[in-house]
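Engineer: Attaching a predicted model along with its sequence, questions to come.
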Amino acid sequence: MPEAKGRSGHDPSEQLARLQRLCRKRSVEVYRDQALYLQILRDELRDSTRQALFRLISDVDPGRFSALPESSRHRFHAAVDGLIQRCSVLLTVEQLMHLMMQMEEEVRRRQARLSRDMLRGLAEQQQQSSVTPAPAPEELPQEPSGSVHLSFNLPVNEPQAYSALPPPSVQPPSAQTPSAQTPFDQQLSQSENSEAGSEVDVLRSLFQLAGDALEHSTTSLEEEIAEFSGGNHQVGDHGLLPEMPDALLQWMDGLDQALSRRLRNLSHAVNVQMLRCGLAGTLLPVNLLEAVLRGQVETQSTATNLLRLRLPMAMGEVEQGVDVLCLLLRTSELEFDSHRLRRCRRRLHAHHRDLLTMVRQQRHWQRRSLDLEARSHWQSPTGPNPHPLTGD
C-alpha cells in the first residue's frame, strides 16, 4: 500500500486533476475579488473623473470654464455624468469578458488581414516577375566546370508526391470559367517550371492555409460571443471561468486589458465633449492614447489621471514643441488615489503569484505525462502479436 500511494503521488494525471480542483476553488476567490474591485471602481469613478477634470481645466485655462454661460456648464456636467454612468454599467465581470472576447477577435482579424496583404503582395510580385522577359539561353553566364547548382526543387521525378502541402486541383481549360481563374493562377501556370515560381507557390500556399485557419477561428469566436451574450451564466458554469491555472492566469490578464480599454474609451469620450464645449483646443487620437498605455510614448509629469505630451512642432526658434494636456484614466493612478482599490489589487496580485506557481507545476506534470505517453508508445509493439512457436 505505501508503494501504491507513492506511485500515485507521481502520477501526472492525478496531479493534473488535483491542480484542476485547486484552480476551481481559486477561480471562485478570483471572481469575488475581481467583482469587489469593479464595484469599488464604479463607486469612485465619478469623483475621480470630476477631480481630474478640475485639475485639467485649472492647468489649461482657469477662466475659460467660468466664461462659459451657465447653461453650457450645466450641459457639460450632464454630458460627463451621462458618459460616466454608461461606462459604469459596463464595468462588470461579465461585460468585461464580452469585451475581452471582442479584443481577441480584433487581433485574429488583424492577423488574417496581414496574411491576406502578404498573399496579395506575393501575387503582385509573381505577376511582375512573369511580365519581365527571361534572358536568352546564349546570354546566360556559363558556369565553370565542376560548379554545384543548388535549387529549391526536390531531386525527384514527381515532387508533388513528396510535398507536405496538398497539390492544387487543376481542371482542364474547358471546365474553367473566366471568373473562376484569376490572373495569379494564369501567371502561376505559365511559370510553373521556374525556381521563383515554385518558391512563390509554396509561400502562397502557406499564407493561404494560415489565413483560412485564422478565419475559421474568428468564425468560431463569433459563435462563442453570440452564445455568451444570449445565455445567463453563473459562477462555476463551464465557459465563464477557466478550470486550469494557465487559462485562469490568461483570463486575469485579459480582464485587466479589457478594463484598461473601457477607461480609455471613457477618457476619449470626455475629451471629445471638452472639445465640443470649447474647453480644449486639441484632441489626441485613440491610437495615441493606446500607445501611451502600452508605454510606447514618452509623457511629461502631471497630475494623476491626466496626460501631458510634448508634440514636436516647429513654432519658432525658441519653442521646439507644444504641450498637449488631456484626460486619461488609468487603473494604476486610480489605485494610487484610493486605498480600497489598492487593497483589492494586493489580493489580486497574491492570486496572480499563486497561479504562476500552479502554472509551473502544471507544465511540469504535462511534460511528465507526454514523456510517459511517448515511452508507452515506444515500448508497446505496433504490429499484431506474433504467434508463439511450438515444438510440433
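Structural biologist: Looks like it came in fine.
Engineer: host element of T302?
Structural biologist: Counting by DSSP states H and E, no helix or strand carries T302.
Engineer: That one contacts L325, doesn't it?
Structural biologist: Yes: counting by C-beta atoms under 8 Å, T302 does reach L325; the two are 6.8 Å apart. In this view, the C-beta of every residue, glycine as well, is placed from N, C-alpha and C.
Engineer: Mutual contacts of those two, please.
Structural biologist: D59, R308 (C-beta atoms under 8 Å, 6 or more residues apart in numbering).
Engineer: who has more neighbours, those two?
Structural biologist: Taking other C-beta atoms under 10 Å, T302 and L325 do not tie; L325 has more neighbours (20 against 17).
Engineer: Count the residues that sit near M244.
Structural biologist: Using other C-beta under 10 Å, M244 has 18 neighbouring residues.
Engineer: Sorry, slip of the keys, the one I care about is L96.
Structural biologist: L96 has 21 neighbours, counted by other C-beta under 10 Å.
Engineer: contacting residues for it?
Structural biologist: Shown in contact with L96 (C-beta under 8 Å, 6+ apart): L38, L90, L255, A258, L259, R262.
Engineer: if we go to 7 Å?
Structural biologist: Contact analysis of L96 by C-beta atoms under 7 Å, 6 or more residues apart in numbering lists L255, A258, L259.
Engineer: Packing partners of the host helix or strand of the second one?
Structural biologist: It refers to A258. Assessed by DSSP H and E, A258 sits inside helix 245-277. For helix 245-277, the elements it packs on are helix 12-60, helix 70-89, helix 93-131, helix 286-293, strand 322-327, helix 331-337, helix 339-379, judged by 3 or more C-beta pairs under 7 Å, 6 or more residues apart in numbering; DSSP states H and E.
Engineer: In it, which residues are buried?
Structural biologist: Buried residues in helix 245-277, defined by neighbour count with 16 or more other C-beta atoms under 10 Å: 245-246, 248-249, 251-252, 254-256, 258-271, 273-274, 277.
Engineer: and if you look at stretch 54-67?
Structural biologist: Judged by neighbour count using 16+ other C-beta under 10 Å, the buried positions of stretch 54-67 are R55, L56, I57, V60, F65.
Engineer: Using TSV, lay out those together with pLDDT.
Structural biologist: TSV is the format used below for these (pLDDT from 0 to 100):
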residue	pLDDT
R55	90
L56	88
I57	86
V60	75
F65	79
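Engineer: Would you mind pulling the contact partners of stretch 296-312?
Structural biologist: Counting by C-beta under 7 Å, 6+ apart, 48, 52, 55-56, 288, 291-292, 320-330, 333-334, 336-337 sit against stretch 296-312.
Engineer: and that stretch, how far apart are its ends?
Structural biologist: Taking C-alpha to C-alpha, to the nearest Å, stretch 296-312 runs 16 Å from one end to the other.
Engineer: Report the buried residues of that stretch.
Structural biologist: For stretch 296-312, burial by neighbour count (16+ other C-beta under 10 Å) applies to T302, N305, L306, L307, R308, L309.
Engineer: ditto for stretch 92-110
Structural biologist: Buried-residue list, stretch 92-110, by 16+ other C-beta under 10 Å: V93, L96, M97, H98, L99, M100, M101, E104, E105, R108.
Engineer: so what's the second one closest to, chain neighbours aside?
Structural biologist: Across the structure, with C-beta to C-beta, 6 or more residues apart in numbering as the measure, the residue nearest L96 apart from its sequence neighbours is A258 (4.3 Å).
Engineer: quick one on the thing from earlier: can you tell me which of the contacts of L96 is closest to Q126?
Structural biologist: The closest of the contacts of L96 to Q126 turns out to be A258 (C-beta to C-beta; 41.6 Å).
Engineer: ok, the closest one touching M103?
Structural biologist: Yes: using C-beta atoms under 7 Å, A258 and M103 qualify as a contacting pair, with a distance of 6.5 Å.
Engineer: which residues do the two both contact?
Structural biologist: Shared contacts of A258 and M103, defined by C-beta under 7 Å, 6+ apart, are absent.
Engineer: contacting residues around L289?
Structural biologist: R264, S267, H268, L328.
Engineer: pLDDT at the spatially closest residue to the third one that is not a sequence neighbour, what is it?
Structural biologist: The shortest distance from H268 to any residue other than its chain neighbours is 5.4 Å, reached at V286 (C-beta to C-beta, 6+ apart). The pLDDT attached to V286 in the predicted structure is 90.
Engineer: so the helix holding A258 versus helix 286-293, what angle?
Structural biologist: Put simply, helix 245-277 runs at 130 degrees to helix 286-293, going by axes from the mean of the first three to the mean of the last three C-alpha atoms, to 10 degrees.
Engineer: quick one, helix 245-277 and helix 12-60 angle?
Structural biologist: Using the same axes, to 10 degrees: helix 245-277 against helix 12-60 is 20 degrees.
Engineer: and N287, how many neighbours?
Structural biologist: Neighbours of N287 (other C-beta under 10 Å): 8.
Engineer: quick one, what contacts it?
Structural biologist: Applying C-beta under 7 Å, 6+ apart to N287 gives no contacts.
Engineer: State the distance from it to R26.
Structural biologist: According to C-beta to C-beta, to the nearest Å, N287 and R26 sit 36 Å apart.
Engineer: Equivalent analysis for R108, please.
Structural biologist: Distance, R108 to R26, using C-beta to C-beta: 28 Å.
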